[in-house]
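Asker: Sharing a sequence plus its predicted fold:
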Amino acid sequence: MERRSFFKILGGTATLVAANPLIVGTLYAADGSNSMYRTYGKVQLVDESGKAILASSLTKETPYIFNYPHASTPCMLVDLPEPTSNDIELVSANGDKYIWKGGVGKDRTIVAYVAICTHQLTHPTKNNSFITYVAKDKKTVAYDRSGIIVCSAHMSAYDPAVGCKVLGGAATQPLNAVVIEVASDDTIWASGILGMDIFHEYFTDFKDELKEFYKKPALAQKLVSVSAKTVPLSKYTKEIIQY
């Protein structure tokens, strides 16, 4: 069953789409086209041994990586030091407006974003990562404060506490958000992506790289099901490059 929800912006013609981690189905814009919210298979975040990761076990301000919704699309999970803002209005590069509901978990501090920079699709690989979360007690030349996600390839800075809005650098739109929820047993689940679709461009631009790591395009684009292995970024990649 599909649920459709529309919020008209007063004085404008754009559609403001509200997404909730518990929404099932596909949201559509008022003209019937696909919206900024896409559902995928609901998967559980697990550690290297396949054991469920509990929200309460996350190390504060440590970036974790899991691949979702495709086998080769890395996402970043962070337990922020403070609760996020809620119901943040975001705007894509195309001018589409949508709502990020905020962090999840007991204190609403847990967030997840697709770790593919919206500028030139820089992303973590097994060899290195130019994109990472910079803890509040660290420094970055990308912006005048920390507690943010930074892509050091071109110094794009994003604020994970407000839907990864762009703070500075070359990026022109937020990172895609991963729709996650913390269940009553403290397990963490992913179920969708919020934001402008960048996966087709990613698969095209990095075809050779993905072939190196995944052998066949079909394996790189395979949708993740059941569970997603989640590890600290420092274990996912050999080198984290951050300025």
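Answerer: Cool, got the structure.

Asker: Next, count neighbours for Ile180.
Answerer: Residue neighbour count, defined by other C-beta atoms under 10 Å, stands at 23 for Ile180. Where C-beta positions appear, they are placed from N, C-alpha and C, glycine not excepted.

Asker: Start at 764, not 1
Answerer: Yes, from this point I'll number from 764; that puts the last item at Ile943.

Asker: Surely it touches Val867?
Answerer: Yes. Using C-beta atoms under 8 Å, Ile943 is in contact with Val867, at 5.7 Å.

Asker: Just give me the neighbour total for Phe962.
Answerer: 18.

Asker: Which residues does the nearest residue to Ser909 once chain neighbours are set aside form beta bridges with?
Answerer: The spatial neighbour of Ser909 that comes closest, neighbours along the chain excluded (C-beta to C-beta, 6 or more residues apart in numbering), is Val897 at 4.7 Å. For Val897, the beta-bridge partners under DSSP bridges are Ile911.

Asker: for Val897, what are its contacts?
Answerer: Contact partners of Val897, counting by C-beta atoms under 8 Å, 6 or more residues apart in numbering, are 903, 905, 909-913, 1005.

Asker: just those residues now: which is nearest Ala991?
Answerer: Ala991 lies nearest to Ile912 out of the contacts of Val897, by C-beta to C-beta, at 19.2 Å.

Asker: I'd say that closest one and Gly926 touch.
Answerer: No. Using C-beta under 8 Å, Ile912 is not in contact with Gly926; the gap is 11.3 Å.

Asker: which residues are common contacts for these two?
Answerer: By C-beta under 8 Å, 6+ apart, no residue touches both Ile912 and Gly926.

Asker: what number of residues lie near Lys985?
Answerer: With other C-beta under 10 Å as criterion, Lys985 counts 15.

Asker: Which pLDDT value belongs to it?
Answerer: You'll see Lys985 listed with a pLDDT of 97.

Asker: That one: what's it in contact with?
Answerer: Contacts of Lys985 (C-beta under 8 Å, 6+ apart): 833-834.

Asker: Angles on the backbone of it, please.
Answerer: With angles defined as degrees, to the nearest 10, Lys985 sits at phi -60, psi 130.

Asker: so how far is His886 from it?
Answerer: As judged by C-beta to C-beta, to the nearest Å, Lys985 and His886 stand 17 Å apart.

Asker: pull the longest strand from the protein.
Answerer: strand 800-809 (DSSP state E).

Asker: Does anything pack onto it? Which helices or strands?
Answerer: strand 951-957, strand 990-995 (3 or more C-beta pairs under 8 Å, 6 or more residues apart in numbering; DSSP states H and E).

Asker: Switch those strands over to JSON lines; also include mean pLDDT and mean neighbour count.
Answerer: Shown next, in JSON lines, are those (pLDDT from 0 to 100; neighbours: other C-beta atoms under 10 Å):
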{"stretch": "strand 951-957", "mean pLDDT": "97", "mean neighbour count": "24"}
{"stretch": "strand 990-995", "mean pLDDT": "98", "mean neighbour count": "18"}
